[in-house]
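Undergrad: just to be clear, the model below is a prediction. Sequence and coordinates:
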Amino acid sequence: MGEEILSIIYLLLVIALVFPGFYYANKNKKVFFKNLVIWIGIISVIIIFANFLYN
């Protein structure tokens, strides 16, 4: 249980470090939301895959 919480914290910290640069590079709202949806999809797939792998 502790490893799962630590993994989530690491993921959130990485997102917090990457987001300002991501936002700056995508000032256009249409491009920003398109890229945001793509990244949410990628992160969702990784989380789902990790759940199947570690359970």
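TA: Right, received. Where do you want to start?

Undergrad: if we ignore the residues flanking it in sequence, what's nearest the residue nearest the centre of the chain?
TA: Most central in the chain under Cα atoms, centre = their mean is I43, positioned 4.6 Å from the mean C-alpha point. Sequence neighbours aside, L11 is the residue nearest to I43 in space, at 7.5 Å (criterion: Cβ to Cβ, 6 or more residues apart in numbering). Every C-beta, even on glycine, is put in place using the N, C-alpha and C of the backbone.

Undergrad: work out for me the element the residue nearest to the centre of the chain sits within.
TA: Taking DSSP states H and E as the definition, one finds I43 inside helix 29-54.

Undergrad: mean confidence score for that helix?
TA: For helix 29-54, mean pLDDT is 87.

Undergrad: which elements pack onto it?
TA: helix 2-25 (3 or more Cβ pairs under 8 Å, 6 or more residues apart in numbering; DSSP states H and E).

Undergrad: can you list contacts of the helix it packs on?
TA: By Cβ atoms under 8 Å, 6 or more residues apart in numbering, the surrounding residues in contact with helix 2-25 are F32, N35, W39, I43, A50, Y54.

Undergrad: just put the residues you listed in CSV and tack on distance to F22.
TA: Formatted as CSV, those follow (distance: Cβ to Cβ, whole Å):
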residue, distance to F22
F32, 8
N35, 7
W39, 8
I43, 12
A50, 22
Y54, 27
